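In: Sequence plus predicted model, see below.
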Amino acid sequence: MNRSLPILCIYLVAATVSAVFAMSDCAVHAADGLIRREGQFIELTTDLDSDDEINKLVSTFDAAVTQWVTFWNDESFDPAAFKVQACVMRDESLFRQQGLIPNEIPSFPFGYASGQRIWIKAQPSEYYTRHLVLHEGTHAYMFAAFDGAGTTWFQEGTAELLGLHSGTGQSVKVNAIPADRESVPYWGRFKRMDQLRAEGQIPTIETVMGYQPNLIGDVGSYAWSWAFVDLLQGYPAYRKSLLEFATAGSDQGPDFDRLVRQKLQDQWPIVSARWRLLSHDLDYGFDWSREQVELSMTDGLWRGQPMQTNVKADQGWQTIGARVPGGIKIRLQASGQITLAETTRPWISEPSGITLEYHRDRPLGQLLVCVLPNAIPDKSEFLEPLEIHAVKDELELEIKQYSWLLFRVNEASGNLSDNRGSFDVSLSVKP
Ligand SMILES: [Zn+2]
């Protein structure tokens, strides 16, 4: 609708508005300036002025709840009784005047949930307003289904996970990593993650699990909490544990985190290694079907016999299937050609990469190796940067400690799907 109309919209009496805007997208406000719209799982009160946006909020919320039910797969919860009272506010004072925000609710920058009531401040983009409605709605759902959502990282991580969506109404898909920045205006999680990466402030899992309940709109902490929950749902091996954590959600103290550590104890070095990779790589277009990293506690130790491995161009980090011991020097030799894209002509890359285009300051298509220590990082607040080298045609590498060796082609996660072919890499110990 025409952006010069909103004020007119709010204050005209309803009958006049419907006459004037019968053919428009403008919502009909009641005498108190507010609109009430009811869906299956939501009663929305709002001063938004786009009828289309309001309808989308309601229909998206209803469809999202159905997907949350499927995601948590908790048969003991009957969603029929679940209904959220939601206020989506442009002018908060209107809602205060109507007594729709109880005095005990603290001031908040974006949104707030209490039981089955949620309050959201309208954002500069419809996407981000919807994201926040689904985020706060997830909090309400977790309270209704599980009597809580554990400690801060799990509360915020699950709300971010199930608030992140593509599409609207019946076509909505929750838990959908956005393909590009344009589809999620003002969401900004990846931008903040990039800043923190550049500042060397990628948190350890322990730091994320230690977040206190006073995040108050700290985008970075929300993003890392989401990333850790995303890791737990991205690997089938942890999915069952994730559901168990949700079931224990009524415990919002240290016992909740103890349960998480205990359930994942046997796997912790792998979880930790995968976190180091995910926190480095998570970005627009990230696709779990290409980015699950095959690491195992039972990976054998490489004894130094010459070996060959194959690195697929359309996959993320790929292991050689063994760990390498510390205190040795190895030689990597790479060969082959891959196709990065088919435009007017195919983009062919050799292991050195194509210098016509760069990703993260390295030529596109370049073969990379990551030396990832088996040991869990020290209990510091932030992770050491990953040790990543360009292999090019040949590389000699000193391995300092027991590590996994991982390879991938240098390209943004979201652009892997059209890649074809693979590089061959041979490994030998340098005498
Ligand atoms: Zn939240």
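Out: Received, thanks.

In: For the rest of this, base every contact and every neighbour count on C-alpha atoms.
Out: Fine.

In: State the number of residues packed around residue 357.
Out: Using other Cα atoms under 10 Å, residue 357 is surrounded by 12 other residues.

In: Surely it and residue 363 touch.
Out: Yes - with contacts counted by Cα atoms under 8 Å, residue 357 reaches residue 363, the gap being 6.0 Å.

In: Domain map for the chain?
Out: For the chain, automatic domain parsing gives the domain ranges 32-281, 293-429.

In: of all those domains, which lies closest to residue 26?
Out: Closest to residue 26 of the domains of the chain is domain 32-281 (Cα to Cα; 4.9 Å).

In: Now find how far off-centre that closest one is within its chain.
Out: 11 Å (Cα atoms, centre = their mean, to the nearest Å).

In: Let's test this: mean pLDDT of that domain, rounded?
Out: When pLDDT is averaged along domain 32-281, the result is 96.

In: Now do the helix or strand containing residue 371: distance to the chain's middle.
Out: Using DSSP states H and E, residue 371 falls within strand 367-373. How far strand 367-373 lies from its chain's middle: 24 Å, per Cα atoms, centre = their mean.

In: again, but for stretch 30-45
Out: With Cα atoms, centre = their mean as the basis, stretch 30-45 stands 30 Å off its chain's centre.

In: Residues in contact with that stretch: which ones?
Out: Residues outside stretch 30-45 that contact it (Cα atoms under 8 Å, 6 or more residues apart in numbering): 10-11, 13-14, 27-29, 46-48, 54-55, 58-59, 61-62, 65, 82-88, 94.

In: Number of residues surrounding residue 327?
Out: Residue 327: 11 surrounding residues under other Cα under 10 Å.

In: Who are the contact partners of it?
Out: By Cα under 8 Å, 6+ apart, the contact set of residue 327 is 398, 399, 400, 401.

In: per-residue confidence at the third one?
Out: On pLDDT, residue 400 comes in at 96.

In: Throw the domains of the chain into a markdown table and include distance to residue 287, thanks.
Out: Output for the domains of the chain, formatted as a markdown table (distance: least, Cα to Cα, whole Å):
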| stretch | distance to residue 287 |
| --- | --- |
| domain 32-281 | 8 |
| domain 293-429 | 7 |
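
In: how about residue 317, phi and psi?
Out: Dihedral pair for residue 317: phi -60, psi 130, per degrees, to the nearest 10.

In: Now do the same contact list for it.
Out: Taking Cα under 8 Å, 6+ apart, one finds 291, 292, 293, 406, 407, 408 in contact with residue 317.

In: Same check on residue 172?
Out: Per Cα under 8 Å, 6+ apart, neighbours of residue 172: 60, 63, 64, 165, 166.

In: can you check residue 178 too?
Out: Residues in contact with residue 178 (Cα under 8 Å, 6+ apart) are 165, 166, 184, 284, 285.

In: how deep is the first one tucked in, by neighbour count?
Out: As a burial measure, the neighbour count of residue 165 was computed by other Cα under 10 Å and equals 23.

In: was I right about residue 155 contacting residue 141?
Out: No - if you go by Cα under 8 Å, residue 155 and residue 141 don't touch, sitting 11.0 Å apart.

In: returning to that earlier point: pLDDT averaged over the next helix or strand after the strand holding residue 371, what's the number?
Out: Going down the chain from strand 367-373, the next helix or strand is strand 387-390, by DSSP H and E. For strand 387-390, the per-residue pLDDT values average out at 98.

In: One more: stretch 341-354?
Out: 90.

In: That stretch: end-to-end distance?
Out: For stretch 341-354, the first and last residues are 12 Å from each other (Cα to Cα, to the nearest Å).

In: Kindly report the same for stretch 205-221.
Out: Note: stretch 205-221 ends 12 Å apart using Cα to Cα.

In: Show residues contacting that stretch.
Out: Identification of contacts with stretch 205-221 by Cα under 8 Å, 6+ apart yields 108-110, 151-153, 188-189, 192-193, 196, 222, 224-225, 228, 257, 272, 275, 379, 381-382.

In: name the helices or strands packed onto the helix or strand hosting residue 140?
Out: Using DSSP H and E, residue 140 maps to helix 126-146. Judged by 3 or more Cα pairs under 8 Å, 6 or more residues apart in numbering; DSSP states H and E, the packing partners of helix 126-146 are helix 51-72, strand 84-89, strand 111-114, strand 117-121, helix 152-163, helix 236-247.
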